[in-house]
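>>> Starting from these lines, generate the structure:
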Amino acid sequence: HVQLVESGGGSVQEGGSLRLSCVAFRYTYVDYCMGWFRLVPGKEREGVAVSDTVTTTYAESARGRFVISRDNAKNTVYLEMNSLKLEDSAMYYCGLSGRYCVLDRGRFNYWGQGTQVTVS
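Take a look at the predicted model:
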């Protein structure tokens, strides 16, 4: 079965940077969407950035500070997070969608286990 494995989370001071990585195992299709979502206790999982071979979409909160990129040869997606703010603290999840590439968690079929980002 398809497995997504995230890494790169951690603790960082406000204004700092982190780079998250997510590798998709056992997904053999060529054209797909991968993206990042985040979850804060008491809130719904929200989209941060998504990307397929054609488009890239950022949430307003991420635009200008975060950069999503992909290495398709490695089935890997990255999220470079810069100028981190306290409100960016969350559990970040990598998602994969075989069809839609939008900031809608309901459109994603597969999820990783999450990686915690804490900004202080």
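>>> buried ones in stretch 73-87?
75-79, 81, 84 (16 or more other Cβ atoms under 10 Å). C-beta coordinates here come from the backbone N, C-alpha and C atoms, glycine included.
>>> Show me the contact partners of it.
Stretch 73-87 has contacts (Cβ atoms under 8 Å, 6 or more residues apart in numbering) with 12, 14-25, 27, 34-36, 48-49, 51, 61, 65-71, 88, 92, 94, 117, 119-120.
>>> Now the buried members of these.
Neighbour counting by 16+ other Cβ under 10 Å classes 12, 18, 20-24, 27, 34-36, 48-49, 51, 66-68, 70, 88, 92, 94, 117, 119 among the contacts of stretch 73-87 as buried.
>>> In strands, which of those residues appear?
Using DSSP state E, 12, 18, 20-24, 34-36, 48-49, 51, 66-68, 70, 92, 94, 117, 119 are the members of those that sit in strands.
>>> per-residue confidence averaged over stretch 80-91?
What stretch 80-91 shows for mean pLDDT is 98.
>>> what about it, start to end distance?
Start-to-end span of stretch 80-91 (Cα to Cα, to the nearest Å) is 15 Å.
>>> Spatially central, which residue of this protein would that be?
Geometric centre of the chain, nearest residue: residue 36, 1.8 Å, by Cα atoms, centre = their mean.
>>> Run through the bridge partners of that one.
Residue 36 has these beta-bridge partners by DSSP bridges: residue 49, residue 94.
>>> Verify the contact between it and residue 68 for me.
Yes: using Cβ atoms under 8 Å, residue 36 is in contact with residue 68, at 6.6 Å.
>>> Perfect, that will be all.
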